[in-house]
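Asker: Just a sequence and a predicted model for now, questions to come.
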Amino acid sequence: ARLLSGRVVGEDGRPIAGASIELSITTPNGYSVTLPAWQTKSHEEGRFELSGLPELAFYMSVTAPSYMREGESDVRPDGAERLVVLCRGARVTGRVVRRGNSDLPASPTVRLIAAWGPVEAEVSAGKDGWFTVEAVRPATYTVIAWVEGWPAGESAPFTIEGSEDVEGVVVELPAGGGVRGVVLDAATRRPVAQATLAASGLHRDGRDPRQLEWILPSVSGQTDAQGRFQLDGLSPGTVVIEVSHGDYPGFRQSVEVQDGRVTDATILIESSGVIEGTFSIEDAGSRPLGEAQIFLTGETATVGLRTGKDGGFRYDAAASGSYVAQGLVESPGRLLCASQAIEVKAGESVRVDLVVRPDRRLHGRVHPVTGEEVSLWPTRTGAGTYLSVKPDANGEYEILGAPPGEYTIGMGGVSEVLSLPEG
């Protein structure tokens, strides 16, 4: 067991009492772990001490009120005295107001958003709308604020340089708009009841609202027996409405929302298509490949399935469009694969039988054996799919079923181009 000690001071060299010191490690699966014995606070002279530590490489985080967080990797309890210098952060103050100078219905939630996207801080404003954010590091920011059930507002962007305070930031909550309409089956024009809708606004710089779910609140609702819906409290601008229903694939539609007005919209959703088939290998006949991986890659997403014991698979919620169906079976040193392009239409079933061709064989050996995978990908974009296999204990590998074409094969930063002929 080892010792980690030191002092926490400000830029002027004065000690900082009450600073929080926390050590953590990252587990192999990516989780950050800390223990109470790895945490302490600095004393009046800024000193801190953690004893009885294991001989590990830690990440050390030091925080104190009004100061920016300081972090350091690969900190080891070697007994050496450490000096941690904290820089005072800026203070951002402002007010959330409602358009028309009317009272706020509740205390707003305020989030300070850096220009590149992450949430820097979140605080609750007072009932009068005033807020303060402490210890803000230099960057360009906007402030987003909202009250539950009301549309979000956003401040003008501002830049912090050094530790200069920013005052007078104003976030105006718009009156908001709404969307009302009906969800219909695109083929029959019959209303779709009990469909779930979620509306998210596009951010000012055009980012996808799904990338901002942790920044902006969304508004949700459900259609009635006649397929009708109304979503209120939406921020003005482009709003994306996502529709989901057990009998239909997911659907998204953009609507322009105007402040203080309700926009009418008709949403047509297509019935799901069905993709079904089998996965087998030409091995003295046709042998089904059970418990194999199946990937259905569409224009916007990839769905993963597994075959049954008979090699069969089925997907009932496919949106219309183009897909690549791919089957994979991996074992040490060996990869079986087959793929096929298909087209899916709304309400129709498409059958695809994926067959591994053993005569399409790529094999080799790596030396030394490092445990890295051998990767194979098409030289031309869109000409095929990415494949990888981990060599066995002897460094040998083989890929069966890769379609003919020109590929790049590589491992550990070394690669070469090769052609796979037919058969």
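Answerer: On my side now, so go ahead. Numbers count the residues shown, from 1 in each chain.
Asker: Go ahead and measure how far stretch 368-378 is from the middle of the chain.
Answerer: 27 Å (C-alpha atoms, centre = their mean, to the nearest Å).
Asker: May I see the buried residues of that stretch?
Answerer: Across stretch 368-378, burial judged by 16 or more other C-beta atoms under 10 Å covers 373-378. Where C-beta positions appear, they are placed from N, C-alpha and C, glycine not excepted.
Asker: Give me the three-state assignment for the residue located most distally from the centre of the chain.
Answerer: In the chain, the greatest distance from the average C-alpha position (C-alpha atoms, centre = their mean) is reached by Ala284, at 45.1 Å. For Ala284, the assignment made with DSSP: H, G, I helix; E, B strand; the rest coil gives coil.
Asker: Angles on the backbone of it, please.
Answerer: Dihedral pair for Ala284: phi 50, psi 50, per degrees, to the nearest 10.
Asker: ok, it to Ala325 distance?
Answerer: Using C-beta to C-beta, to the nearest Å, Ala284 is found at 25 Å from Ala325.
Asker: Tell me who's in contact with the closest residue to Gly401 other than its chain neighbours.
Answerer: Closest residue to Gly401 apart from its sequence neighbours, by C-beta to C-beta, 6 or more residues apart in numbering: Val356 at 4.0 Å. Contacts for Val356 (C-beta atoms under 8 Å, 6 or more residues apart in numbering) come out as 279-282, 289, 327, 329, 336-338, 400-401.
Asker: Can I get these in CSV including pLDDT, secondary structure and distance to Trp146?
Answerer: Shown next, in CSV, are the contacts of Val356 (pLDDT from 0 to 100; DSSP: H, G, I helix; E, B strand; the rest coil; distance: C-beta to C-beta, whole Å):
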residue, pLDDT, secondary structure, distance to Trp146
Phe279, 97, strand, 49
Ser280, 96, strand, 55
Ile281, 95, strand, 56
Glu282, 91, strand, 60
Leu289, 95, coil, 51
Gly327, 96, strand, 47
Val329, 95, strand, 50
Leu336, 95, strand, 52
Cys337, 94, strand, 49
Ala338, 94, strand, 50
Leu400, 93, strand, 56
Gly401, 92, coil, 53
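Asker: Tell me the one among those nearest to Leu50.
Answerer: Distances from Leu50 to the contacts of Val356, taken as C-beta to C-beta, are shortest for Val329 (50.2 Å).
Asker: surely that closest one meets Leu289?
Answerer: Yes. Between Val329 and Leu289 there is a contact under C-beta atoms under 8 Å: 5.4 Å.
Asker: joint contacts of the two?
Answerer: Counting by C-beta under 8 Å, 6+ apart, the contacts common to Val329 and Leu289 are 336, 356.
Asker: how close does the closest residue to Asp78 other than its chain neighbours get to Gly30?
Answerer: Distances taken as C-beta to C-beta, 6+ apart put Arg2 closest to Asp78, at 6.7 Å, once the chain neighbours are dropped. Here Arg2 is placed at a distance of 25 Å from Gly30 (C-beta to C-beta).
Asker: These two: which has the busier surroundings?
Answerer: Higher neighbour count among Arg2 and Gly30: Arg2, with 14 against 6, using other C-beta atoms under 10 Å.
Asker: what's the spacing between the more buried one and Ile113?
Answerer: 40 Å.
Asker: before we move on, back to that, and the contacts of Val356, which of them are buried?
Answerer: Buried members of these, scored by 16+ other C-beta under 10 Å, are 279-281, 289, 327, 329, 336-338, 400-401.
Asker: and which of those is nearest Val179?
Answerer: Closest to Val179 out of those is Gly327 (42.1 Å), distances taken as C-beta to C-beta.
Asker: contacting residues for that closest one?
Answerer: 279, 289, 292-294, 307, 336-339, 354, 356.
Asker: Is Ala319 in contact with Val243, as I believe?
Answerer: No. Using C-beta under 8 Å, Ala319 is not in contact with Val243, being 11.7 Å away.
Asker: Could you check how many residues crowd around the residue nearest to Arg334 when sequence neighbours are not counted?
Answerer: Nearest residue to Arg334, sequence neighbours excluded (C-beta to C-beta, 6+ apart): Glu398, at 5.5 Å. By the measure other C-beta under 10 Å, the count of residues near Glu398 is 18.
Asker: Specify the beta-bridge partners of Glu398.
Answerer: Arg334, His363 (DSSP bridges).
Asker: What pLDDT does the model give it?
Answerer: Listed pLDDT for Glu398 reads 94.
Asker: what's the helix or strand for the nearest residue to Ser20 once chain neighbours are set aside?
Answerer: Of all residues not flanking Ser20 in the chain, Thr63 sits nearest, at 5.0 Å (C-beta to C-beta, 6+ apart). Assigned by DSSP states H and E, Thr63 belongs to strand 58-64.
Asker: That'll do, ta.
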